[in-house]
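>>> no FASTA, just this:
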């Protein structure tokens with residue numbers, strides 16, 4: 001179940017998401033650094049897989 005929030009986790013492959021990794025969606029970011037929805041979904045799956053089956057990333 002999803003909820004409404006203005007916060008996101010900045011994920012790093014092979015590392016758990018911690019409170020220190022939280023950012024607000026309104027923080028400044030260069031547009032070149034912002035992935036599209038497909039890229040976000042692919043990375044989140046790759047991040048999850050880095051824990052589930054320790055695939056090489």
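Looks like it arrived, so ask away. Note that the coordinates shown come from a computational prediction; the quantities given were computed from them, not determined experimentally.
>>> where does pLDDT dip in the protein?
Residue ranges of the chain with pLDDT under 70: 1-2, 54-57.
>>> helices of that one, start to end?
According to DSSP state H, the chain carries its helices in the segments 37-52.
>>> which residue is nearest the centroid of the protein?
Per Cα atoms, centre = their mean, the C-alpha nearest to the average position across the chain is that of residue 11, at 4.0 Å.
>>> ignoring the adjacent residues along the chain, who's closest to it?
Sequence neighbours aside, residue 47 is the residue nearest to residue 11 in space, at 4.7 Å (criterion: Cβ to Cβ, 6 or more residues apart in numbering). From N, CA and C alone the C-beta is placed, and that goes for glycine too.
>>> so that neighbour touches residue 10, yeah?
No. Taking Cβ atoms under 8 Å as the contact criterion, residue 47 and residue 10 are not neighbours in contact, 10.7 Å apart.
>>> what about the residue nearest to residue 11, how many neighbours?
Neighbourhood size, residue 47 [other Cβ atoms under 10 Å]: 18.
>>> now do the contacts for it.
With contacts taken as Cβ atoms under 8 Å, 6 or more residues apart in numbering, residue 47 has the following neighbours: 11, 12, 13.
>>> can you pull the contacts of the residue nearest to the centre of the chain?
Residue 11 neighbours (Cβ under 8 Å, 6+ apart): 17, 21, 43, 44, 47.
>>> between those, which is nearest residue 31?
Minimum separation from residue 31 among these (Cβ to Cβ) is found for residue 43, which lies at 17.3 Å.
>>> report the separation between that closest one and residue 36.
Taken as Cβ to Cβ, to the nearest Å, the spacing of residue 43 relative to residue 36 amounts to 11 Å.
>>> the two: who's more crowded?
Between residue 43 and residue 36, counting by other Cβ under 10 Å, residue 43 is the more crowded of the two (14 against 8).
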